[in-house]
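[1] The sequence isn't on hand, but the structure is:
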């Protein structure tokens, strides 16, 4: 089995969370070990794909609702965080199946294995689903290939970034429904998504995290060692700013 670091973080602000993910990618590009990170968010944060922009009216609505905004280094569409568990893997591309679709599929199998351990029977969206419209804003409005759904509703979404032979993939597992007023302020709709609470699966944080570790261990052939970010990673994460 390959040896991976396991970092489990408590709630943090959006810039720190996204800055730490970027730092983990930089670490593997520099030859560091692969890492699985599990973390949560301090209050509501809207994360944008790197090419997304908010209108002045939407920015003002987020500010009024107390929602922070941060841009991810990965692509994809907007995700409202705060009621979710977020996972990140940062690894050399050689640790994953070759190709974008195959690597997404491997992570999808890990998430399905994790969810099965808490009695959530989910499916991966087929790869032939129609891609999201470029104008579609909300990540959870529809599922891309390999993303996790239950009964046709999206439960977990993912986005990926590749650079210098390294791969960063992070994604959101919805634990609770988004607060309606916060979701409305962000332009997020929930009709196409679901959450663990709505599915009757509400494990405590530790149970869900352990299920994720077990799922990734099974699929990636990984042996995890609990660790903390290095001083270099923390220094890089600390300079990240809100959007």
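    Here it is on my side, so go on. None of these values were measured; they are calculated from a predicted model. Numbers count the residues shown, from 1 in each chain.
[2] Can you tell me the closest non-neighbouring residue to residue 158?
    Of all residues not flanking residue 158 in the chain, residue 171 sits nearest, at 3.4 Å (C-beta to C-beta, 6 or more residues apart in numbering). No exception for glycine: its C-beta is placed from N, CA and C like everyone else's.
[3] now that neighbour, what's its secondary structure?
    Recorded secondary structure, residue 171: strand (DSSP: H, G, I helix; E, B strand; the rest coil).
[4] give me the beta-bridge partners of it?
    Following DSSP bridges, residue 171 is listed with bridge partners residue 87, residue 158.
[5] list the contacts for it?
    By C-beta atoms under 8 Å, 6 or more residues apart in numbering, the contact set of residue 171 is 86, 87, 107, 111, 156, 157, 158, 159.
[6] which residues touch the last one?
    The one in question is residue 159. For residue 159, the contact set (C-beta under 8 Å, 6+ apart) comprises 49, 72, 74, 75, 76, 139, 169, 170, 171.
[7] Buried only: go through the residues you listed for me.
    Neighbour-count burial (16 or more other C-beta atoms under 10 Å) applied to the contacts of residue 159 gives 49, 72, 74, 76, 139, 169, 170, 171.
[8] Against residue 121, how distant is the second one?
    Distance from residue 72 to residue 121, counting by C-beta to C-beta, to the nearest Å: 29 Å.
[9] In which helix or strand does residue 73 reside?
    For residue 73, there is no enclosing helix or strand under DSSP states H and E.
[10] now do the one 3 residues further on
    Assigned by DSSP H and E, residue 76 belongs to neither a helix nor a strand.
[11] Could you tell me which residues make contact with residue 87?
    Per C-beta under 8 Å, 6+ apart, neighbours of residue 87: 36, 37, 38, 111, 170, 171, 173, 212.
[12] Residue 217 too?
    1, 223, 224.
[13] A strand includes the last one, no?
    Yes: read with three-state DSSP, residue 224 is one of the residues of a strand.
[14] Is it bridged to anything, and to what?
    residue 4.
[15] Was I right to think it contacts residue 4?
    Yes: in this structure, residue 224 is within contact of residue 4 by C-beta atoms under 8 Å, at 5.3 Å.
[16] Could you tell me which residues touch both of these two?
    36, 216.
[17] out of those two, which sits in the more crowded spot?
    Shown here are residue 224 and residue 4; by other C-beta atoms under 10 Å, residue 4 has more neighbours (24 against 19).
[18] Identify the residues contacting that one.
    So residue 4 contacts 33, 34, 35, 36, 91, 216, 220, 222, 223, 224, 225 (C-beta under 8 Å, 6+ apart).
[19] repeat for residue 212
    Taking C-beta under 8 Å, 6+ apart, we find residue 212 in contact with 36, 38, 85, 87, 110, 111, 114, 173.
[20] Where do the helices of this structure begin and end?
    Listed in chain order, the helices found in the chain under DSSP state H are 14-29, 56-64, 100-116, 180-186, 205-220, 231-238.
[21] Out of those, the one nearest residue 126 is which?
    Smallest distance to residue 126 across the helices of the chain (C-beta to C-beta): 11.0 Å, for helix 100-116.
[22] All set now, cheers.
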